[in-house]
Every structure is written in structure tokens, then in C-alpha cells.
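Novice: Need coordinates for the below:
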Amino acid sequence: MSLKTTVTWLLNKLNDFLEKIGESDGQREEEVKRELERRLRRKRFWARLREIMKNNKRLVIMWVAIGIIVLMCLFPPWIYHRAAYNQLFEIKGPYHLIFSPPYRRDEAYLLVKLDWPRLLIPIGIVAILAVGLIVTIKDRKLT
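Specialist: Purely as a prediction, here's the structure:
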């Protein structure tokens, strides 16, 4: 349904509604008009978003990949280092918020740090997939 058709339809609905209730109260009419304008703005927003997504698929793919990578960096994997029997043990830790590293209460650990291989491998996979999609997908050009 085109925007002009939608506006015409909404205005006809407004007139039918006002005739049905038989009110000539200006305040009620203004409320209904404001509600219809709000719905129309929302419909325009979603129509514009759909148009952008259709016409700029590469841009959408790029921003989705960036969002995924940012989330991966916000919640990275951690690794625990523990000394026992004159040896240093590494124990894989959980994914946790970057600003507050995890800790375990049951055992004493010397060091908790980022597990870079477990972080960089998924980031690389997402980046390679995104670049592959961006290169192979065809955008529809606006005429």
C-alpha cells in the first residue's frame, strides 16, 4: 500500500469515526488527529527502514557485523592462571563483562586475564563472513 493511499484511507477512517460518534467537540477531534498522525509517522519510519534495508544490503550487513563484534568484545572469554606444585596451570574461564573480570571463590588464582585466541577466532570468522557477503551480494540501485 502506498503512502498516499494510506493517508487517504486514514483520513476516511477519521471522518467515518467522527460521523459515527456524532461529536463536534474540537478536543476529541484533535486527539484523534494526533493519534492518526503518530501512527502515520511510525508507518513512514518502518517503510523508510525497509527501503534502506532493501537498497543498502551491504551497509546493513556491515553494521550487523560491527554490532556482533562489539558484543563479542564487551563479553570476552577469560582465562585463569594458577600455580600449583611449582607449575603454572591455565584454566579456561567464562565469558564475562570486560569491565569486571570474573573471579572464583573456591580456589586462589594468581591471575585472571583475557583469552585472546578464544576472542580473536570468532571475531575473525564474523569479519570473514561479513566481507564475503558484502563482496558477493548485489545491491539494487535507486533509479
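Novice: so residue 94 sits in a helix?
Specialist: No - note on residue 94: no helix contains this position according to DSSP: H, G, I helix; E, B strand; the rest coil, which reports strand.
Novice: That one and residue 76 touch, don't they?
Specialist: No - in this structure residue 94 lies outside contact range of residue 76 using Cβ atoms under 8 Å: 10.2 Å. C-beta coordinates here come from the backbone N, C-alpha and C atoms, glycine included.
Novice: Comparing these two, which residue is more hemmed in?
Specialist: Of the pair residue 94 and residue 76, residue 76 is the one with more neighbours under other Cβ atoms under 10 Å, namely 20 against 10.
Novice: so what's the more buried one up against?
Specialist: Residues near residue 76 by Cβ atoms under 8 Å, 6 or more residues apart in numbering: 95-96, 98, 114-115, 118-119.
Novice: again, only using 7 Å
Specialist: Residue 76 is in contact with 95, 98, 114, 119, counting by Cβ atoms under 7 Å, 6 or more residues apart in numbering.
Novice: just how off-centre is the helix ranked longest in the chain within its chain?
Specialist: Assignment by DSSP state H gives helix 26-55 as the longest helix of the chain. A distance of 22 Å separates the centroid of the chain from that of helix 26-55, by Cα atoms, centre = their mean, to the nearest Å.
Novice: Packing partners of that helix?
Specialist: Using 3 or more Cβ pairs under 7 Å, 6 or more residues apart in numbering; DSSP states H and E as the contact criterion, the elements in contact with helix 26-55 are helix 3-21.
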